[in-house]
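J.: sequence and computational prediction follow.
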Amino acid sequence: MTGAKLPPVASRLTTWKRWKKLFPHTLVLSPETGYARDYERDPYEGYSKSAFAFFRIKKSLPHLREKELVLGIEIGGKFRAYPFSVLGKLSSPLEDTLAGKAVKVYFDKDSEEAYAATVTGKRVPGIISYWFVWYSFHPDSTVFHAP
């Protein structure tokens, strides 16, 4: 499959508590991997709150920190980032249009879960990442602003 472009899939970033409520029969891989790694400890603990970013971006926006969490989606070759700081101030679902297609963006303030769907409810593949990561891969992305 070298050189093949894989289709994007819808993913979800949420709390374990919410996941177990939605999918109570989920199985979890054992931490007994044979490697001496402490799976009880978050290797990125504190990273989200520090000013340090693994790499800098050329485009800085005054209202958007480099490590702001965003939901990034693509529709019809167009990219848009939805900052969590904006989504947290609006009612969910938020209705928007990207590449001429209507989309609804859902955000749960308690679990900080965000995802997008078509008006018919089909999930739109999206990624939750830091702004600097999303922008590095999608420098032509637009950023959603509250009306």
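T.: Right, received. Where do you want to start?
J.: going forward, measure contacts between C-alpha atoms and count neighbours the same way
T.: Noted.
J.: point out where the protein drops to low pLDDT.
T.: With pLDDT under 70 as the threshold, the chain has low-confidence stretches at 52, 54-62.
J.: and the gap between the most centrally placed residue in it and residue 53?
T.: With distances taken as Cα atoms, centre = their mean, residue 128 lies nearest the centre of the chain, 1.1 Å away. Plainly put, residue 128 is 16 Å away from residue 53 if you go by Cα to Cα, to the nearest Å.
J.: what of residue 15?
T.: Here residue 15 is placed at a distance of 24 Å from residue 53 (Cα to Cα).
J.: next: residue 108.
T.: Going from residue 108 to residue 53 by Cα to Cα gives 26 Å.
J.: can you check residue 119 too?
T.: For residue 119, the distance to residue 53 - Cα to Cα - is 36 Å.
J.: one more: residue 12?
T.: 23 Å.
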